[in-house]
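# generate a structure from the sequence data that follows.
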Amino acid sequence: TNYVGKFVVETKYEDVPGEVIELGKKSILDGLGLALAGSRAQTGAICRRYLEHLGACGGKAAIVGTGLKTSPRFAAWTNGISIHADDFDDTQLSAAKDRVYGLLVHPTVPVLPAVLALAEGRSISGKEFTLAYHIGVEVECKIAEAISPRHYQDGFHSTGTCGAFGSSAACAKLLRFDLSKTLDSFGLVASQSGGLRENFGTMTKPFQAGHAAESGVVSAELVALGWDAAQQILEAERGFFHAFGGTFDPGAILNRLGAPWTFASPGISLKPYPSGSLTHPAMTELARLIAANHIQAAQVERVDVGANHNMTGTLLHHQPKTGLEAKFSMEFCLAILLLRGKAGLGEFTDQIVQSAAVQDMIRRVNFYVDHEAEEAGYDKMTSLLRIHLKDGRVITGRADFGKGSPADPM
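Residues are numbered from 1 along each chain as shown. Model (predicted):
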């Protein structure tokens with residue numbers, strides 16, 4: 001914890017490589033666009049009604065897309081929920097084979113709303129804003145890599161848990177905390193971190209991301225007023241790593257912050273589709289195969305898609321009935337590409353998911369654990385496709401990463 005705190009306090013703008021700054025700009029732009037899009041989601045309307053109920057409308061921090069302002073904590077919460085509402089936000093790549101790709105963090109959503117909320121109404125320069133964002137992303141990503149994979153596999157939503165530390169780090173930097181206050185903010189935010197994968201496919205998944213953003217703001221504002229907390233919260237016997245993961249890999253975080261920056265290696269992936277990132281390799285490859293072979297939905301008898309068991313377990317809605325469930329359904333994501341040739345915000349609606357044609361095509365998609373995909377490692381999202389056509393032809397394809405990854409950037 002002390003090492004992480006020193007990184008937050010001592011890192012200067014000039015320490016961030018130019019290529020990392022440029023990659024961060026793309027994710028910031030992506031996050032702002034998604035905050036705007038997500039403000040139109042059902043969760044956005046509920047959040048605004050809740051703030052009105054609290055009497056919390058009125059303050060210095062903007063709720064993107066609404067013209068309303070509120071306190072920094074509620075702006076971070078609401079904008080964080082909006083950025084994650086459509087499951088369209090950026091994704092951390094894995095650096096180790098046992099670290100599950102797609103179950104690390106969505107790096108921008110816990111950090112950007114917190115930085116926006118605290119910066120508004122203060123004399124914060126563009127460099128200070130950018131530096132705080134990058135520090136927050138770097139801290140949360142390395143914490144997510146360090147904690148035991150059991151953390152994700154047993155059900156924690158790492159954007160809600162590890163992401164809270166990213167928000168806290170960014171806020172501590174923005175408020176120019178010394179080392180002691182930075183460590184206090186980590187101790188306080190650890191007790192607010194949370195999120196469960198069982199809530200994937202419901203409104204509570206974006207709530208968990210918004211809460212991570214809010215928690216960093218709350219921690220920073222309380223510590224600024226004199227609040228204290230345990231200062232070895234990451235590695236302590238009863239601290240975050242052991243309580244939430246059982247153990248951790250010190251080598252994945254000690255002397256690794258900014259060496260290299262996660263944005264540089266292994267990278268951050270942007271999303272071409274508003275669905276779980278684990279669906280994207282198969283979707284990218286299916287879209288390519290449809291175009292290359294002029295496949296029509298009426299020609300398709302069955303689609304087999306093999307993946308590792310972490311993918312089949314996370315994409316848990318095999319017979320989705322709502323637009324939110326469809327975001328975590330490999331079956332829907334492939335079915336809609338076959339039927340409509342696209343999978344944008346307009347496709348992930350309850351009405352479309354429940355339509356007879358979509359439900360029929362979903363039943364033709366066989367999503368299973370494949371030995372070859374399992375052997376490829378969990379740091380990849382290896383997806384093996386076999387499209388069985390009614391005329392007897394079988395068209396095959398494979399993808400390890402989707403469009404938007406560093407290997408195939410947007």
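# give the buried residues for stretch 175-185.
Neighbour-count burial for stretch 175-185 flags 175, 177, 181-185 (criterion: 16 or more other C-beta atoms under 10 Å). Every residue, glycine included, has its C-beta placed from N, CA and C.
# tell me the two of those that are most distant?
Across these, the longest distance by C-beta to C-beta is 13.9 Å; it joins 175 and 183.
# next, give phi and psi for the most centrally placed residue in the chain.
Centroid check for the chain by C-alpha atoms, centre = their mean gives residue 106 as the closest residue, at 2.1 Å. Residue 106 has phi and psi values of phi -80, psi 100 when expressed as degrees, to the nearest 10.
# okay, now residue 348: neighbour count?
Residue 348: 26 surrounding residues under other C-beta atoms under 10 Å.
# tell me the domain boundaries of the chain?
Annotated domains of the chain cover 1-269, 277-399 [the TED database].
# pipe those domains into CSV and attach distance to residue 408 per row.
Output for the domains of the chain, formatted as CSV (distance: least, C-beta to C-beta, whole Å):
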stretch, distance to residue 408
domain 1-269, 9
domain 277-399, 7
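# turn these into CSV, columns for mean pLDDT and distance to residue 406.
Below are these laid out as CSV (pLDDT from 0 to 100; distance: least, C-beta to C-beta, whole Å):
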stretch, mean pLDDT, distance to residue 406
domain 1-269, 96, 4
domain 277-399, 95, 13
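# show me the one of those domains that comes nearest residue 409.
Residue 409 sits nearest to domain 1-269 of all the domains of the chain, at 8.7 Å, using C-beta to C-beta.
# next helix or strand past the helix or strand where residue 31 lies?
Element membership for residue 31 (DSSP states H and E) is helix 18-38. Using DSSP H and E, the helix or strand that follows helix 18-38 towards the C-terminus is helix 42-54.
# which residues are contacting that following helix?
Identification of contacts with helix 42-54 by C-beta atoms under 8 Å, 6 or more residues apart in numbering yields 38, 57, 63, 65-66, 68, 70, 74, 77-78, 81-82, 85, 203, 206-207.
# if we go to 10 Å?
Residues outside helix 42-54 that contact it (C-beta atoms under 10 Å, 6 or more residues apart in numbering): 35-39, 41, 56-59, 63-66, 68, 70-71, 74-75, 77-82, 84-86, 203-207, 210, 323-324.
# so which of those belong to strands?
Members of the contacts of helix 42-54 lying in strands (criterion: DSSP state E): 57-59, 63, 68, 70.
# flag every buried residue along the helix holding residue 31.
Residues of helix 18-38 classed as buried: 20-21, 23-24, 26-28, 30-32, 34-38 (neighbour count, 16+ other C-beta under 10 Å).
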